[in-house]
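Peer 1: coords please:
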Amino acid sequence: DGKINKIKWILSWPLIFVLFCTIPNCSKPRWERYFMVTFILSTLWIALFSYFMVWMVTVIGYTLGIPDVIMGITFLAAGTSVPDCMASLIVARQGLGDMAVSNTIGSNVFDILVGLGIPWGLQTMAIDCGSTVCILVKSLI
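Peer 2: Predicted structure coming up:
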């Protein structure tokens, strides 16, 4: 309706188009049986977006002289938690409190098990078999 909404639509249209072309819409009867493909492709897109987000925050922090730890704790943590919070608020207002709690806990469990588990598992099982993962950040001690 407004000029700002039109600008947002124009800027987001290429991304929406790419996602539309690469991820099957399993809510339509034609694609119902491809729900796992939708899940895996969505997770891969999230991984790609997360990589770019971390890269951009790192560059911004380096440019402004802010340590990576502070950038990670504030901007990245807030950027990943706010959407989950909003989703939980929406379903709680719809009377689905159990789904809100499940979303809150489930997203963190998924982040830890998949977000850390898969890369570390690949490192110790496929790339350097039998190795350990060393975290070389003094501030996490």
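Peer 1: Buried residues in whichever helix or strand residue 39 is part of, which are they?
Peer 2: According to DSSP states H and E, residue 39 maps onto helix 35-64. For helix 35-64, a neighbour-count test (16 or more other CB atoms under 10 Å) marks 38, 54, 57, 61 as buried. Any C-beta I mention is one placed from the backbone N, CA and C, and that applies to glycine too.
Peer 1: Would you format these as a markdown table with pLDDT and distance to residue 17 included?
Peer 2: Output for the buried residues of helix 35-64, formatted as a markdown table (pLDDT from 0 to 100; distance: CB to CB, whole Å):
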| residue | pLDDT | distance to residue 17 |
| --- | --- | --- |
| 38 | 94 | 17 |
| 54 | 83 | 25 |
| 57 | 86 | 26 |
| 61 | 90 | 31 |
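Peer 1: from those residues, which is closest to residue 133?
Peer 2: Sorting the buried residues of helix 35-64 by distance to residue 133 puts residue 54 at the head of the list, at 17.5 Å, by CB to CB.
Peer 1: ok, how many other residues are close to the spatially closest residue to that closest one that is not a sequence neighbour?
Peer 2: Distances taken as CB to CB, 6 or more residues apart in numbering place residue 76 nearest to residue 54, at 6.5 Å, with adjacent residues excluded. Neighbours of residue 76 under the rule other CB atoms under 10 Å: 16.
Peer 1: do residue 103 as well
Peer 2: Neighbours of residue 103 (other CB under 10 Å): 19.
Peer 1: Report the central residue of this structure.
Peer 2: residue 46 (4.5 Å; CA atoms, centre = their mean).
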